[in-house]
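Engineer: Based on what follows, work out the 3D shape:
(2 chains)
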Amino acid sequence: MPIGAIQNVTQLWVYLSASPLLWLFATLAAYAIADRFSAATNRHPLANPVLLATIALAALLAFTHTPYTTYFAGAQFVHFMLGPATVALAVPLAAEWGRVKRLAIPITIALFAGSLTAIFSAVGIAWLLGAPHAVLASLAPKSVTTPIAMGIASMIGGLPSLTATLVVVTGILTAVIAGPISRLLRMKDHAAHGFASGLAGHGIATASAYHDSRIAGIFAGLALALNGVLTSILAPLVMKLWS
Amino acid sequence: MLPAFAVLLAFQLIGESLARVLHLGIPGPVIGLCLLAVACIISRRLRDFTEKAAHPIISTLSLLFLPAAVGVVQFLPLLRSQGLALGVAIVVSTALTLVVTALVFRFVVHKMHLEERE
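Structural biologist: Take a look at the predicted model:
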C-alpha cells in the first residue's frame, strides 16, 4: 500500500474508533457471532454467548487500546435497553399467573432456602478462607441484579464496584453451570430449573433460562425480582453475624 | 411495536419515580416489573398489547448484558489479592444455591401433590 493510503486508513480508524457507531456495531456483531457459535455447538454450556462475546470484546478493547469509556459511549444504547427489558419480564409472567399462583408455596419456600443459601455459603466460605470484612460484605448480595446488589453492598459496608464485578461473574457462571447441574439432578421440571437459575444468577441467568424454555425463563424472571427484594432484607441481617 | 415499547418505558418511568420518592432501595425497573405484572394480570388487553414489544426485547436479553460484562472484565485483574477466596466462594456458593433451590422447589411440589398431569 502507498503511504498515502495507509495514512487514510489510520485517519479513518482514529475517526471510527472514537465514534459510538463502531462500538455499537462491535457489540451487536460480537453477540451475533457468539450466538451462532453457541447454536453450532448445540448450545454447549461453555459456549454461552454472553461469556464468549464478553471475552471477544474485552480482547478487542485490549488489542486496540480502546478505553472502556470510549467503548461504552457506543454500547450504552444496548445497556439502556436493560431497564425496559426488565419491565418486559412482567408480560410472560402475567400470562402464566395461574401456574405461579398454584405453585405459590413451593416458590416461597424455595425462595427463602435459596436466598439464605446464596448469602450464607458465599460469605461463610470467603470468611473461612480469610477474606476481610469489606470483601465479605461485597460478596453477600452477589446473586441479585446489579443495582440492588450495589445498594445492599454500600448499606452493609461493602464496596459497590467490587460487588458489581462479583454479580456479573456470578451471573455468567450460573448461566454456564445451571444446565449441567439440572441434568445431574435429573431435573425435568422447567419451573424449578428456571427458578433456581434466576435466584442464583439474576438477569444473565434469566436470559439463558429463556433459551432453555419459556417456562424456565418466566420462573427465572420471577425469582430475579423476588430474590432482589428478599436479599435486600436478609443480607443486612446475615452480615450482623460477621460484624 | 413502538406504542407497546412506550408502555414498557412508562412503567419503568413510574418505577424509577417511586424508587426515588419512596427511597425503597429497589431499582425502578424491578418496581416497574411488579406494577406491569399486576396491570397485565388485571387487563388481558394490556397484556396482549405490550406482548408485541415484550417478546422481541426479552429474546435479546442476553445481548443487553454485554456492555456491563465487558466493563467488569477490566476490573478482574484487581481481584488478584482476594482472588482465591472470591473464586472458591462464588463457584461453591452458586452451585449450592442452584442445587438447594431446585431440590427444595421439587420437594415441596412433590409433597403437596402439585405435579402437572401432562
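Engineer: And the host helix or strand of A:L136, what's buried?
Structural biologist: For A:L136, the element it lies in under DSSP states H and E is helix A:133-139. Within helix A:133-139, the residues that count as buried by 16 or more other C-beta atoms under 10 Å in any protein chain shown are A:V135, A:L136, A:A137, A:S138, A:L139. Heads up, the C-betas are built off the backbone N, CA and C, glycines and all.
Engineer: can you list the domains in the chain?
Structural biologist: I went with chain A, as the question did not name one. A:3-80, A:92-242 (automatic domain parsing).
Engineer: wrong one, chain B
Structural biologist: B:1-63, B:80-118.
Engineer: Any part of the worst-scoring helix or strand of chain B on mean pLDDT near chain A?
Structural biologist: Ranked by mean pLDDT, DSSP states H and E, the weakest helix or strand in chain B is helix B:66-73, scoring a mean of 90. Yes: using C-beta under 8 Å from any C-beta of the partner chain, helix B:66-73 reaches chain A at B:L66, B:P67, B:A68, B:A69, B:V70, B:G71, B:V72, B:V73.
Engineer: what packs against that helix?
Structural biologist: Secondary-structure packing of helix B:66-73 (3 or more C-beta pairs under 8 Å, 6 or more residues apart in numbering or on different chains; DSSP states H and E): helix A:20-40, helix A:49-63, helix A:68-80, helix A:160-184.
Engineer: Comparing the ones you listed, which comes out most buried?
Structural biologist: A comparison of these by mean neighbour count, using mean count of other C-beta atoms under 10 Å in any protein chain shown, puts helix A:160-184 on top with a mean of 23.
Engineer: give me every residue that touches A:T54.
Structural biologist: Contacts for A:T54 were tallied using C-beta atoms under 8 Å, 6 or more residues apart in numbering or on different chains; they are A:I172, B:L66, B:A69, B:V70, B:V73.
Engineer: I'd like these as TSV, with distance to B:P27 appended.
Structural biologist: TSV is the format used below for the contacts of A:T54 (distance: C-beta to C-beta, whole Å):
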residue	distance to B:P27
A:I172	20
B:L66	19
B:A69	18
B:V70	21
B:V73	23
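Engineer: Top of those by number of neighbours, please.
Structural biologist: Tallying neighbours with other C-beta atoms under 10 Å in any protein chain shown puts B:V70 at the head of the contacts of A:T54, with 27 neighbours.
Engineer: And A:A58, how far from B:L76?
Structural biologist: Applying C-beta to C-beta, to the nearest Å, one obtains 9 Å for the distance of A:A58 from B:L76.
Engineer: All good on my end, thank you.
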